[in-house]
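Visitor: coordinates for the following, if possible.
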Amino acid sequence: MTELKPCPFCGGKPYLANVAMVGCAYIVCTDCRMQSDDGSQKRVIDLWNTRAEADTLRAEVKRLRLAMTDVLGLLDDLVTESGRSVEYDEEDAFRRGEWFDDADTARIEAARAALAHGEADQ
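Guide: Okay, here's the model as predicted:
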């Protein structure tokens, strides 16, 4: 049998459970009790052991942070141009999910279009 990787949620030791009556298997973590979907033994082991590579995840986080920085830069430019003063705590706003609603997104896209148009005219 293929060795099972540690639990992706807690790092605990998993075990393979077989349900002989229906011919399926599933995997359970002995620590957090997280359970995989059921299916053939090969299928559940393959799915359990499939993990996103850390480098891929780090690259995606970096890409998203850069995109967020670009958007915040545009917002800062808009606030500066409007003459208003706005203070925000990026980390706290991110944790609370208070980034942008549909109206904010529309304003950001309009600002990007205006900036792109202005750059094209120069």
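
Visitor: contacts, neighbours, all on C-alpha from now
Guide: OK.

Visitor: how is the protein divided into domains?
Guide: 14-49, 54-121 (automatic domain parsing).

Visitor: in the shortest one, what's buried?
Guide: Buried residues in domain 14-49, defined by neighbour count with 16 or more other C-alpha atoms under 10 Å: 14-15, 18, 24-29, 35-36, 38-39, 41, 44-45, 48.

Visitor: in strands, which of these fall?
Guide: 14-15, 18, 24-29 (DSSP state E).

Visitor: find the centremost residue of this protein, please.
Guide: residue 61 (7.8 Å; C-alpha atoms, centre = their mean).

Visitor: so which residues make contact with stretch 7-20?
Guide: 4-6, 24-32, 34, 41 (C-alpha atoms under 8 Å, 6 or more residues apart in numbering).

Visitor: please, which helix or strand holds the residue lying farthest from the centre of the chain?
Guide: Ranked by distance from the centre of the chain (C-alpha atoms, centre = their mean), the top residue is residue 21, with 38.5 Å. Secondary structure from DSSP states H and E places residue 21 outside every helix and strand.

Visitor: per-residue pLDDT, it?
Guide: Model confidence at residue 21, given as pLDDT, is 70.

Visitor: the one 10 residues further on too?
Guide: Model confidence at residue 31, expressed as pLDDT, equals 93.

Visitor: contacting residues for it?
Guide: 10, 12-13.

Visitor: now flag whichever of the residues you listed is closest to residue 112.
Guide: Nearest to residue 112 among the contacts of residue 31, counting by C-alpha to C-alpha, is residue 10 at 42.0 Å.

Visitor: give me the pLDDT value at residue 75.
Guide: Residue 75 is given a pLDDT of 80.

Visitor: contacting residues around it?
Guide: Contacts of residue 75 (C-alpha under 8 Å, 6+ apart): residue 108.

Visitor: helix or strand for it, just tell me which one.
Guide: helix 54-82.

Visitor: and residue 52, that's in a helix?
Guide: No: counting by DSSP: H, G, I helix; E, B strand; the rest coil, residue 52 is not found in a helix; it is coil.

Visitor: ok, how many other residues are close to it?
Guide: Neighbour count of residue 52, defined by other C-alpha atoms under 10 Å: 8.
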